[in-house]
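Trainee: I would like the atomic coordinates for the input below:
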Amino acid sequence: MKSAALRADAENLFTRHGRSIDEVAAALHLSKGTLARWSKAGNWVARRQEFLKNSPTAPTETLKKRRLKIIELMGADDASDAKLTDQLWKLTKVLESLEARADAIGPILDVMEKFARFVAQKASDESDGSDSSEPDVIRRWTEQFLDQERRNAYA
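Mentor: Purely as a prediction, here's the structure:
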């Protein structure tokens, strides 16, 4: 039986990175049949759709696909089609804008996830029933987290 870590890697490649079953099979040296079973059991297609709906980069990916479709429609003979060229130009500008925003959102989300893990760890470590109020505890943990991140940044 394949390891849980390998299964998680396969699911991640399929759901979050948009790779096909064939691409995942090649990348992880797994059979397509194994991946098809895992996909069906784990409902990967629905998870991919949910990820795309909630992903900050989903609009960018949709627009990239539309841009590629326009390029395909243009072909070599229709390069002078003003309407398609205009649509392509507009999509390219929107994509550049969205990608610039996504570049800022990604690191923010990463830090938020790290902070959530840090708080969860602190909550389990300090479940001693202390009398500190919740805002004081969160403030203290936030300061500890930021200190830790600063140390890591300069290490």
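
Trainee: now the element after the least confident helix or strand in the chain by mean pLDDT, going C-ward?
Mentor: Within the chain, no helix or strand scores below helix 58-74, which has a mean of 70 by mean pLDDT, DSSP states H and E. As assigned by DSSP states H and E, the chain's next helix or strand after helix 58-74 is helix 82-125.

Trainee: mind giving me the domain split of the chain?
Mentor: 1-54, 109-154 (automatic domain parsing).

Trainee: weakest of the ones you listed in terms of mean pLDDT?
Mentor: When the domains of the chain are compared by mean pLDDT, domain 109-154 comes last with a mean of 75.

Trainee: can you give me the offset of it from its chain's centre?
Mentor: Relative to its chain's centre, domain 109-154 lies at 24 Å (Cα atoms, centre = their mean, to the nearest Å).

Trainee: that older thread, nearest to Leu91, of the domains of the chain?
Mentor: domain 1-54 (18.2 Å; Cβ to Cβ). All C-beta spots, glycine's among them, are computed from the backbone N, C-alpha and C.

Trainee: ok, Arg19 - contacts?
Mentor: The contact partners of Arg19, taken as Cβ atoms under 8 Å, 6 or more residues apart in numbering, are Leu13, Ala27.

Trainee: apply 7 Å and report the result again.
Mentor: Contacts for Arg19 were tallied using Cβ atoms under 7 Å, 6 or more residues apart in numbering; they are Leu13.

Trainee: for Phe51, see how far away the residue nearest the centre of the chain is.
Mentor: Compute the mean C-alpha point of the chain, and by Cα atoms, centre = their mean the closest residue is Arg16, 5.6 Å away. Distance, Arg16 to Phe51, by Cβ to Cβ, to the nearest Å: 6 Å.
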